[in-house]
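In: Let's see this in three dimensions:
(chains A and B)
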Amino acid sequence: MNETLRHIRSCKNLLIGGIITLVIMGVAVLAPFLAPYDPINQADLLRSEEPPSYTFLFGTDIQGRDILSRVIYGARISLSIGLIAQCMNSLIGVLLGLTAGFLGRWWDDLIMGLTNVMLSIPALVLALAIMAVLGPGLFNVFLALGFTNWSFSCRITRSQVLAARSLDYVTAARAIGYGRVRIMLTQILPNIMGPILVVATLGVAYAILMEASLSFLGLGAQPPTPSWGGMLSTAREQLFTAPWISIFPGLAIFVTVLGLNLLGDGLRDVLDPHTTRRRR
Amino acid sequence: MVAFAFRRLLQFIPTVLAISLIMFVLLNVLPGNAALMAAGAQDRGMDAKYVEQMLKRWDLDKPLYIRYLNFIENLARGNLGRSFLRGENVGALVLARLWPTLRLALAAMLIAVGLGIPLGFLSALRQGSWLDALSMIGAVSGVSVPQFWLGLLLMFFVSVRLELLPTSGYGEGGLAHLVLPALTLGAGYTALLARTTRAAVLEILKADYVRTAEAKGLPRLTINAKHVFRNALILVLTTAGLQFGSMIGQTVIVEKLFSWPGIGSLLVDTIFQRDIPVVQGCVLLIILIFLVVNLAVDLLYALIDPRIEY
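Out: Purely as a prediction, here's the structure:
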């Protein structure tokens, strides 16, 4: 009975998370049709800092731009950075984890050593150090986030490969005379995609948070680009005169990240019922 | 135990070396040559003589491996170099910011431990109740909420609307200025700890020794306090310790938002000024704190849990 309840609840996570993620993706794709105003070139100082109303549902910012339109367009930046950065991380992590787990020996030691070093540097600090050298800008954020967060993918892939390596289907593939690369890519990888996908989903959420943080610090997307974190970077000064500026972009980040986290948790529970039973 | 501590300390050295190498390569070799930029070469056009002079002054004309060896030698002596912009000793500059950062992180940790552990414990004991549902919703939200947004909201409602606490700054070092930054930093970790505690307690409730305790008729309260809580604490404290390390990294954002004079805000400011030696000093100090905390957690873990043998 308890088991069934738990299953339904994990499906609920998956469902809610999936719906939120799909809606945000839809908003990002359809931004030009959904946004009532131009997100960048609509500055009108006469309409500066207007509170939310029927004309401007989320109010206007200090330059008189419609915040709703900017939040809608911001979805494009957040999602694309999150997805691309995590794709790079997954690619690096899976490649290293797959080879480390399958080939073993000195390569495994080297990769695991590197992973442990990466894990002992706080991710935000590493990203900041990279941004310090490359300078502010959206493209540099891709680089700073895309190469720094692969250690989780690497570890999970390696542990999965180690478990799969001695299973019958791998032995069978070896017996037919498959090469090592072929076994890794066509036999093992498809069988361990589940956990990798879960880590990737949570990684997208994490990358979106990191991009927002960097942009908030003024290191990410530069004005007038409508990025959620960037919209909040000057919000503190306007807290007294126009608090709505702080509310909506932050809410957008929160909902998006929440959706992805729920999706990741739900995926984990559904794809891997064994860990669920052990974990709870 | 002593042997384990010694071995663990030995592992510490290669990690620090590897990190110092990564940081050195990152800050000195990557395109853009940040050190050269900070020396002012770009602002003054390409006045070759000036560039040469600056390169010599900061030892940038030497080959890379010599610069790295110099860097390591200085690091071993605790000498982090001089700031490009101010000429001040980086070590002194960074250490002056250490206490505010530690104070902020400790306060946040106190909130996380004080709220997260009881909350997780209660939700596990009342699994499926409204308290459980509520605190688990809170836990997922707490992990997903961007810190700077939470900080802005707290600032708005508590400081601007209710005028209860100062919006930002360090003040005279009193508690009033500490509350909001600590809450902002601690919220996510409270959520994480509640989640970890809940999972640990649920796991332990199924253990044989709990069933034995029930079977011999011990009162529920004794079982929960003596058998469940204590054993869960071992797991939870490890997580808390590891989180404390990552919290040090997260202080950057909270410090910047609340104009808190810690290492994090120094780091962000000097990134904009391209003062690479100070950036390097801040980054290394943050990583060092992180590593020391993790080391301490490992040692403590071995001390607390007698089942672990090394």
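In: Show me where chain A dips below the pLDDT cut-off.
Out: Within chain A, the set of residues satisfying pLDDT under 70 comprises A:1-10, A:43, A:272-280.
In: Helices of the stretch 1-150 of chain B, residue ranges please.
Out: B:2-28, B:34-38, B:48-57, B:64-76, B:90-95, B:98-111, B:117-125, B:130-144, B:147-154 (DSSP state H, counting those that start in this stretch).
In: right, and those helices - which one's nearest residue A:108?
Out: Across the helices of the stretch 1-150 of chain B, residue A:108 has its closest neighbour in helix B:2-28 (16.7 Å, CB to CB). The way it works is simple: take the backbone N, C-alpha and C, and place the C-beta from them, glycine included.
In: Off-centre distance for that closest one?
Out: On the basis of CA atoms, centre = their mean, to the nearest Å, helix B:2-28 sits 18 Å off its chain's mean C-alpha point.
In: And stretch A:53-64, by the same measure?
Out: The chain centre lies 29 Å from the centre of stretch A:53-64; the measure is CA atoms, centre = their mean.
In: who's in contact with that stretch?
Out: A:36, A:42-52, A:66-68, A:70-71, A:231, A:234, A:238, A:242, A:244-245, A:248 (CB atoms under 8 Å, 6 or more residues apart in numbering or on different chains).
In: tell me the contacts of residue 196?
Out: Since no chain was named, I'll use chain A. Per CB under 8 Å, 6+ apart, neighbours of residue A:196: A:90, A:94, A:153, A:156, A:157, A:160.
In: Not quite, go with chain B.
Out: Contacts for residue B:196 were tallied using CB under 8 Å, 6+ apart; they are B:120, B:235, B:236, B:239.
In: residues near residue B:130, how many?
Out: For residue B:130, the neighbour count with other CB atoms under 10 Å in any protein chain shown is 8.
In: er, residue B:218 I mean
Out: Neighbour tally, residue B:218, other CB under 10 Å: 15.
In: helix, strand or coil for it?
Out: Assigned with DSSP: H, G, I helix; E, B strand; the rest coil, residue B:218 falls in the coil class.
In: Backbone torsions only: list them for it.
Out: Torsion angles at residue B:218 (phi, psi; degrees, to the nearest 10) stand at phi -70, psi 150.
In: Can you tell me the closest non-neighbouring residue to the closest residue to chain B within chain A?
Out: For chain A, the residue closest to chain B is residue A:122, as judged by CB to the nearest CB, at 2.5 Å. Distances taken as CB to CB, 6 or more residues apart in numbering or on different chains put residue B:249 closest to residue A:122, at 2.5 Å, once the chain neighbours are dropped.
In: Quickly find the element holding that neighbour.
Out: helix B:230-257 (DSSP states H and E).
In: Show me what that helix is packed up against.
Out: Applying 3 or more CB pairs under 8 Å, 6 or more residues apart in numbering or on different chains; DSSP states H and E, one finds that helix B:230-257 contacts helix A:123-134, helix B:98-111, helix B:117-125, helix B:147-154, helix B:176-205, helix B:263-273, helix B:276-304.
In: Which of those helices sits closest to residue A:108?
Out: Residue A:108 lies closest to helix B:276-304 among those, at 22.5 Å (CB to CB).
In: Any part of the closest one near chain A?
Out: Yes: counting by CB under 8 Å from any CB of the partner chain, contacts between helix B:276-304 and chain A involve B:276, B:279, B:283, B:286, B:287, B:290, B:291, B:294.
In: which one of those residues is nearest residue B:253?
Out: residue B:286 (12.9 Å).
In: and the closest residue to the closest one other than its chain neighbours, how many neighbours?
Out: Distance criterion CB to CB, 6+ apart; nearest residue to residue B:286, sequence neighbours excluded, is residue A:125 at 5.2 Å. Other residues near residue A:125 number 26, with proximity taken as other CB under 10 Å.
In: Touching, residue A:125 and residue B:251? I think so.
Out: No: counting by CB atoms under 8 Å, residue A:125 stays clear of residue B:251, with 10.0 Å between them.
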